[in-house]
Each structure stands twice: as structure tokens, then as C-alpha cells.
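Q: Turn this into a structure:
(one chain, ligands or ions: 1)
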Amino acid sequence: RASVARGHAPTTLSRFMLERTRDDPESRDLEALIASVQMACKTISALVLRAGLEELTGLQGETNVQGEEQKKLDVIANQVLKDALRYTGRLGVVASEEEALPLLVDEALDSRYVAVFDPLDGSSNIDASIATGTIFGIFRQTEECRLNYRSDEKDVLDANATKCLLNTLQPGDSLVAAGYCMYSSSTILVLTFGDGVHGFTLDSAVNEFVLTHPRMRIPDRGKIYSCNEANEPLWDAPVRDYVRDLKLGRGQTATRYSSRYVGSMVADVHRTLLHGGLWFYPADTTHPSGKIRLLYEAAPMSFIVEQAGGRSSTGTRSILSIHPTTVHQRVAVFLGSKDDVAELESYFLPTIVAP
Ligand code: P6P
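A: Residues are numbered from 1 along each chain as shown. Model prediction:
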């Protein structure tokens, strides 16, 4: 693993993006967007690290569109990301977990992209210094949505811009880039452009993301399942049967799985990506459509896991194929090693009725 200490130039995220655009000038706009996202992630990482020292823990005293009590850092992280994206000029619209509706970015110069993000997922863990993360996805706008406006014009929403705001609702299959930044014992930015997954660790000595996990691949099969078991009585029977069999060693591998659950999606998915297994948040009687949001949590994470050779499913269909109808739409999520997801799906198949 490259590092500055050994005296040879490590591959930083900036250098990685430069080399990409050298081979593919089309991706130059994406390079500018990723440069602003990485700047925002560095800022959020520093804020999370100092949360306890600068009284940034605790509640903002307001609730967001989800009806959830906003943490101070939820609001700050959302503003940091919007500010970072504000003047890239490459982005016309953003959708955030912390915003009721998609927003026009302040300046759009023939911008062809839309960004969706959860600025600080798992923020309820901040006060306990447990891992949290930023999740983001980038879609291309359609041709007629190559927006051009200055900040003093964006209040005059013409019909085209309004339509472009609605064009945020795209399926995960349409993502051109997705990633997450995990704020934990180290700060790791993992991202994909649809041609493999790469992980970069923040070297605080030089404040650069350094390539430490090139071409990440998730094992085809793992030995860990990750879910909130307190909800077990509320699950549908196929999920209950699947977990019971994993515990008893009655699954396809005839080995007993271990359980790991942080309760912060970015941390649980990152561990699953590295060690394999299955992370899931099923629908249940209190969350009939699931808890995880499709547009800016499930879809970007599914894109990353599938690009690393894994799979993602609602239990009965691919998550990436679902066309969102609302910004904050929720979905049941099972994602991880492809053989583990396939085994889970087999519990949802209608039982073959004996003739
Ligand atoms: P529960 C955090 O609020 C989050 O959206 C994900 O990060 C996490 O996986 C999930 O909710 C945890 O939910 O119901 O287990 O606390």
C-alpha cells in the first residue's frame, strides 16, 4: 500500500481522477464534481472528529422532512456538501435526505449532472463516537436539462428547470458514479464510475485521499449476516426462516454464520464489501416499504456492491431496476455477496407445490 512515508508518490484521488480524464476527456466534468465531493468529505471528517470538542453533538432542535430529529451535524454536513457543489458549474440539481425537495444548485453552466446524497448517514451514532458516513450518487441529466442559469436567475423557475428538478428521480441503473465516505477509525472514500470499485484512505498528514483499496471485490460468499434482529418478530416469514437457518447451520453452506451490526449503513456495508456476507434491512410491519431510502442510500450502495461483484435485491427484484416515484421513497434492502443474496432470494420464491 502506497504511502508518502516511503518516499514514492502515492496515487491520490486527485491523481487517480486526472489519469481517468486523460484517457476519457468526457469524464472531465465528473472529475470536477468528485474533487468537490472529496473536499466536502475532508471537511465533514474533520467536523465529526471534533464533534465532542466543539459541542457539535446533539440535536439541532428541528425535524427534517422524514420527521426525524435533525442532529447539528446533519444540518452542517448538508450545508458543507451543498456549498462544495455550489459553484462547480457542472451540477444543476441536488437531492438530499435533509431537503424536502430537490434544489437547483446556485450556478449551472451547461450542467449535465444531478447529485443525490445522504450527507451524514447514521448521525445518531455521533454522540457515541460510532462510525458514520456520507453516501452520494451522480446521475446524468437528459439533454433538455443541460441547465444554464446564474444564482440571481434561479428563482425564476422556468418550466424546463422545473422538469429538470423532477428528472432527479432516476433508477440506480442510471447512476454514472456513486460512493460513500466512512468516518471511523480511518476516513475511507469508496467510489465507482461503473468500471470497478476503488477505496481511498485519508492521510491526515497531507490531507489527501490515498489509493489503498484498488479494484475492490466482494467475496462470492461470506459467513456474516448483518441486520437489526430486534425487528425479527416483525419480518415476513421468508426472512425469519432464512436467519433461523443461518443460525442453525442449516443454510446452503451448512455452517453457522456470525452476526455483526453497527447500525450505521456505511459501516455495515463497508465491512460486508471487505469480508462478504449479507447486510439487510427488510420491510416489516412498522416499515411496510422498508426503512432505507432508495434514491440516495439503497441505489448508490447497490451500485457499489454490484460493481464489486456482489448483488442487491429487495428480496424479489433488483434494487437498481426500481424507478423512484418520490425523492424520499423507502425500499427493502438485501445486499452483499452474490451467493448469499441468491440464497436469501430462494426463501422468497413461491414454494413449489408438490403435484
Ligand atoms: P435501526 C441510520 O439511521 C440508518 O438510516 C442506517 O444508517 C442504518 O443502517 C439504519 O438506519 C439503522 O436502523 O432501525 O437498526 O436503528
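
Q: Residue 165 should be in a helix, yeah?
A: Yes. Counting by DSSP: H, G, I helix; E, B strand; the rest coil, residue 165 falls inside a helix.

Q: can you count the residues close to it?
A: Other residues near residue 165 come to 22 when the count uses other C-beta atoms under 10 Å. The C-beta positions use only the backbone N, C-alpha and C, and glycine is treated the same way.

Q: Give me the pLDDT for it.
A: pLDDT for residue 165: 80.

Q: Ok, the one 10 residues further on next?
A: The pLDDT attached to residue 175 in the predicted structure is 97.

Q: hey, what's it bridged with?
A: residue 139 (DSSP bridges).

Q: Could you do the one 5 residues further on as well?
A: Counting by DSSP bridges, residue 180 forms beta bridges with residue 135, residue 190.

Q: what about it, how many neighbours?
A: 28.

Q: How about residue 244?
A: 12.

Q: Next, it: phi, psi?
A: The phi and psi values for residue 244, taken as degrees, to the nearest 10, are phi -60, psi -40.

Q: Enumerate the positions of the helix ranked longest in the chain that are buried.
A: Taking DSSP state H as the criterion, the chain has its longest helix at helix 28-49. By 16 or more other C-beta atoms under 10 Å, the buried positions in helix 28-49 come out as 29-34, 36-38, 40-48.

Q: On the strand side of things, show who the nearest residue to residue 97 once chain neighbours are set aside bridges to.
A: Excluding its sequence neighbours, the residue lying closest to residue 97 (C-beta to C-beta, 6 or more residues apart in numbering) is residue 118, at 4.4 Å. Beta-bridge partners of residue 118, counted by DSSP bridges, are residue 135.

Q: Now do the contacts for residue 118.
A: 96, 97, 134, 135, 136, 293, 296, 297 (C-beta atoms under 8 Å, 6 or more residues apart in numbering).

Q: need the contact list for the last one.
A: When contacts are counted by C-beta under 8 Å, 6+ apart, residue 297 touches 97, 118, 121, 135, 265.

Q: got the residues of the stretch 201-350 of the chain near the ligand?
A: Applying C-beta under 6 Å from any ligand atom, we find that the stretch 201-350 of the chain lies next to the ligand at 228, 263, 264, 265, 268, 291.

Q: In helices, which of these fall?
A: Using DSSP H, the members of those that fall in helices are 265, 268.

Q: Quick check on the residues of the stretch 201-350 of the chain next to the ligand: which are buried?
A: For those, buried by 16+ other C-beta under 10 Å: 264, 265, 268, 291.

Q: Pull the contacting residues for the third one.
A: If I follow you right, that is residue 268. Here residue 268 is in contact with 226, 260, 261, 262, 279 (C-beta under 8 Å, 6+ apart).

Q: Is it correct that residue 335 is in contact with residue 304?
A: No. Using C-beta atoms under 8 Å as the test, residue 335 is too far from residue 304 to be in contact (9.1 Å).

Q: neighbour count winner among these two?
A: When residue 335 and residue 304 are compared for neighbours, residue 335 comes out ahead with 30 against 27, by other C-beta under 10 Å.

Q: so what's the backbone phi/psi at the more buried one?
A: Dihedral angles (degrees, to the nearest 10) for residue 335: phi -150, psi 150.

Q: and it, what pLDDT?
A: Per-residue confidence (pLDDT) for residue 335: 98.

Q: I'd like to know how far it sits from the ligand.
A: From residue 335 across to the ligand, the span is 11 Å (C-beta to the nearest ligand atom, to the nearest Å).

Q: need the contact list for that residue.
A: Counting by C-beta under 8 Å, 6+ apart, residue 335 has contacts 269, 272, 278-280, 298, 301-302, 305, 310-313, 319, 341.

Q: In helices only, show me these.
A: Short answer: the contacts of residue 335 in helices (DSSP H) are 269, 272, 301, 302, 305, 341.

Q: my read: the third one touches residue 312, true?
A: Yep, that's residue 301 we're talking about. Yes. With contact defined as C-beta under 8 Å, residue 301 reaches residue 312; the gap is 7.4 Å.

Q: follow-up on the earlier one: which of the contacts of residue 297 sits closest to the ligand?
A: Checking those against the ligand by C-beta to the nearest ligand atom gives residue 265 as the nearest, at 3.4 Å.

Q: where's the closest one relative to residue 172, distance?
A: Distance, residue 265 to residue 172, by C-beta to C-beta, to the nearest Å: 15 Å.

Q: do residue 197 as well
A: For residue 197, the distance to residue 172 (C-beta to C-beta) stands at 15 Å.

Q: For whichever residue of the stretch 51-200 of the chain sits closest to the ligand, grab phi and psi.
A: Nearest to the ligand in the stretch 51-200 of the chain, going by C-beta to the nearest ligand atom, is residue 122, at a distance of 4.0 Å. Residue 122 adopts backbone torsions of phi 80, psi 20, taken as degrees, to the nearest 10.
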